[in-house]
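A.B. asks: quick check, what structure comes out for this input:
(one chain, ligands or ions: 1)
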Amino acid sequence: MTIMKVASFAAGEWVQPNSAARAIASAITGAQIAEAGNDNLDMQAMLDHARNVGGPDLRAMGFHDRAKMLKALALHLGQHKQELYDLSFDTGATQKDHLIDIDGGVGTVFVFASKGRREMPDGQVYIDGDIEELSRGGTFKGMHIATPLKGVAVHINAFNFPVWGMLEKLAPTLLAGVPAIVKPATASCYVTEACVRIMLDSGILPDGALQLISGGTGDLLDRLTAQDVVSFTGSAQTASMLRSNPNILKNSVRFVAEQDSLNASILGPDVTPGTPEFDLFIKEVHREMTTKAGQKCTAIRRIIAPEGQVQNVIEALSAKLDATPMGDPRAEGIRMGALVSAAQKRDVLEKAAMIGTESKRVYGDPEALPQQNAMGDVNPDAFVAPMLFHCESPDTATVVHETEAFGPVSTIMGYRDIDHAIELANKGEGSLVASVITASGDVAREVAMGAGAFHGRLYFNNATSMKESTGHGSPLPHMVHGGPGRAGGGEEMGGIRGVMHYMQRTAIQGSPDILSSIGGRWVPGSSEVEAPAHPFTRRFNDLAIGETIHTAPRTVTMDDIELFANFTGDTFYAHMDEDAAKRNPFFPGRVAHGYLLLSFAAGLFVEPNEGPVLANTGLDNLRFMTPVAAGESIQVRLTVKAKTRRTDEYGEVRWHVTLANQDGDLVAEYELLTMVAY
Ligand code: NAP
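C.D. replies: Numbering: from 1, shown residues only. Model prediction:
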């Protein structure tokens, strides 16, 4: 059999392993299949390449260009999944596991592509939050912006998800406009290398946007600056060693850590055997114990059940584990594969033995052997069958709350009441996820209040949500992934929140015009640009930010109010009954409907003929400020606030609209959304 030479991609060149390479064995057969590592990689050249070639090209693009690039990348990867599946079996993973790693990784890139288009501007500056009013006269305001870091993102990943682990970090990094150097764990780096080759061969990424280190990182961390970010996934021990690197400390290099944690799942006090929720609990726990042979950072390590239900859970879970054959993941009928390596098995058995010092093993056998495949070449060195422990004294036990056996190992413990369950869940001192199976809103609220501070994610499930729920152990790109304390104190993904790790947030103070110029969005109080023609006759590309029209005034009559009330059926007393309206603290007497004013406003600013404005798609941030009585008038100001390209034919124009009365008082303010042809 030929040994795969797992290369690095450094400064634009593929670099083969050298004599310092480490051997990598198949988790299934134990035979060497690959080697990786080169102790002569020029780390400074890699950093220079990222900083001087990849970074400038990425930053020259806008968020939407980069989002489109991510979408193209995801589509391309989607066409090459089979190659990655084929390789991944040797890591011990089953086809179902591949769906989480490979399909899940590609899906994550799609989500970031779509969020980038929908939630970020079609430009280079991200505005974080609202404009802050810092002066009485409105001539000095504030806002927060985020711009891409000018350095490199160094991603150091764990072995268990060679594809998802890379892509969940790469997508937000590239969307931010920052180049990445990816360092996968050596045990499964051949899968990551194949995925990187697929991405680079596509030609979709600019030069220098993505580099790969297969093997050790040499002195890379000693060369990082404050413009760089390290995003680490792996064990608490390695995280602690790397984050205390003197150079990282000295330069305040951002260090995001996702590390192991003692995740828990609580069976609600309202759930009993024979209910859909009980079956759901068993299904969730079983899935977390056996998927990826328990090598998931989010796997359920501690099962917390009402004391009276512990035996029922053990029995139901044991029956389900009995029906989970372990062996060559390529073979028919196999439901659980191997750990990634013989070394990992040694580690898991060692940790299981530690757990066994204070808990009793109630299911599973550390000596159990995998099923043989047709070739008879399954080597048991990396296979561990699921093991369930029962901890009878969880209040005084320590190992079970501290020791992660990164394999199919879990411990059940009983609780007296929900406060006790919360206390036990929190004994992990910080986790990525805790789940609760309950139909009770009160229980859910108590857990959210009592355990929220200790867990990065709380997952509630019951009969209502179970069909569509995504699973205790599935980090989703939309939701924050990470956790406090033991889980590393980091936070990844969570939509655009995850992109912010690779950007600097800066407070900007200045006049409205200065803020408009920087943010590419018109800020109220900025100079207006006189429209050369009615803006509804102008195409998307011709409209300028700040372009404004002021309409003629229109007087509102009592007939208008009555007609509108009778036509729409909105005969609310404030519009119909003078005395009742006067008793209301908001109105001087009968007043016009807010919606009547909006409709009149549209009638005032609209240009009726067919033209580039295609549709009105909504209003944002509508406020009614001053009521309008019969005999008073309104006048409208319409300003182009922001433009966002949407499709090949049209883009969204966001207009800032104000209605003022005859005295110049603000009657209403809102943002109008329209689609306008290029
Ligand atoms: P690990 O041994 O801590 O290794 C993690 C990464 O760090 C690997 O890429 C490893 O590379 C690298 N590394 C180790 N020493 C290094 C050094 N001196 N300089 C630079 N890089 C170094 O963890 P693992 O065994 O791969 O992964 C299992 C652990 O990860 C489990 O504890 C699990 O809970 C945790 N995990 C957490 C998450 C999460 O999102 N929170 C996700 C998955 C896994 P080499 O392989 O080349 O040594």
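
A.B. asks: give me the element the closest residue to residue 627 other than its chain neighbours is part of.
C.D. replies: Excluding the flanking residues, the one nearest residue 627 by CB to CB, 6 or more residues apart in numbering is residue 591, at 4.0 Å. C-beta coordinates here come from the backbone N, C-alpha and C atoms, glycine included. Under DSSP states H and E, no helix or strand contains residue 591.

A.B. asks: measure residue 591 to residue 187 for me?
C.D. replies: Noted for residue 591: a distance of 72 Å to residue 187, by CB to CB, to the nearest Å.

A.B. asks: likewise for residue 20?
C.D. replies: 17 Å.

A.B. asks: what's the end-to-end length of stretch 73-91?
C.D. replies: 24 Å (CA to CA, to the nearest Å).

A.B. asks: can you give me the buried ones in that stretch?
C.D. replies: Residues 73-74, 76-77, 80-81, 84-85, 87-91 are the ones in stretch 73-91 that count as buried (16 or more other CB atoms under 10 Å).

A.B. asks: tell me where the stretch 551-678 of the chain has strands.
C.D. replies: 554-555, 613-624, 633-645, 650-661, 666-677 (DSSP state E, counting those that start in this stretch).

A.B. asks: what strands line up against the third one, and which way round?
C.D. replies: Okay, so that is strand 633-645. strand 547-550 (antiparallel), strand 554-555 (antiparallel), strand 650-661 (antiparallel) (DSSP bridges).

A.B. asks: of the ones you listed, which is nearest the ligand?
C.D. replies: strand 650-661 (35.8 Å; CB to the nearest ligand atom).

A.B. asks: quick one: that closest one to strand 613-624, angle?
C.D. replies: Here strand 650-661 points in a direction 40 degrees away from that of strand 613-624 (axes from the mean of the first three to the mean of the last three CA atoms, to 10 degrees).

A.B. asks: quick one: the helices in the stretch 501-650 of the chain?
C.D. replies: Secondary structure of the stretch 501-650 of the chain (DSSP state H, counting those that start in this stretch): helices at 512-519, 558-568, 573-576, 578-583, 594-605.

A.B. asks: tell me the most buried of the strands paired with strand 633-645?
C.D. replies: Most buried of those by mean neighbour count (mean count of other CB atoms under 10 Å) is strand 650-661; its value is a mean of 21.

A.B. asks: re earlier: with mean pLDDT and distance to residue 577 added, can I get the strands paired with strand 633-645 in JSON lines?
C.D. replies: Putting the strands paired with strand 633-645 into JSON lines (pLDDT from 0 to 100; distance: least, CB to CB, whole Å) gives the following:
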{"stretch": "strand 547-550", "mean pLDDT": "95", "distance to residue 577": "35"}
{"stretch": "strand 554-555", "mean pLDDT": "98", "distance to residue 577": "22"}
{"stretch": "strand 650-661", "mean pLDDT": "97", "distance to residue 577": "22"}
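
A.B. asks: for residue 109, find the nearest of those strands.
C.D. replies: Proximity to residue 109 (CB to CB) singles out strand 650-661 among the strands paired with strand 633-645, at 24.0 Å.

A.B. asks: and that closest one, how far out from the chain middle?
C.D. replies: Remark: strand 650-661 is offset 32 Å from the chain centroid, using CA atoms, centre = their mean, to the nearest Å.

A.B. asks: the more surrounded of residue 20 and residue 187?
C.D. replies: residue 187 (24 against 14; other CB atoms under 10 Å).

A.B. asks: circling back: and the helices of the stretch 501-650 of the chain as TSV, adding mean pLDDT and distance to the ligand?
C.D. replies: Formatted as TSV, the helices of the stretch 501-650 of the chain follow (pLDDT from 0 to 100; distance: least, CB to the nearest ligand atom, whole Å):
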stretch	mean pLDDT	distance to the ligand
helix 512-519	96	34
helix 558-568	97	54
helix 573-576	97	55
helix 578-583	96	59
helix 594-605	97	48
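
A.B. asks: save those helices as CSV, and put in mean neighbour count too.
C.D. replies: Output for the helices of the stretch 501-650 of the chain, formatted as CSV (neighbours: other CB atoms under 10 Å):
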stretch, mean neighbour count
helix 512-519, 18
helix 558-568, 14
helix 573-576, 17
helix 578-583, 13
helix 594-605, 18
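
A.B. asks: quick one, what contacts whichever residue of the stretch 501-650 of the chain sits closest to the ligand?
C.D. replies: Proximity of the stretch 501-650 of the chain to the ligand (CB to the nearest ligand atom) peaks at residue 501, 13.9 Å away. Applying CB atoms under 8 Å, 6 or more residues apart in numbering to residue 501 gives the contacts 172, 176, 229, 231, 254, 256, 491-492.
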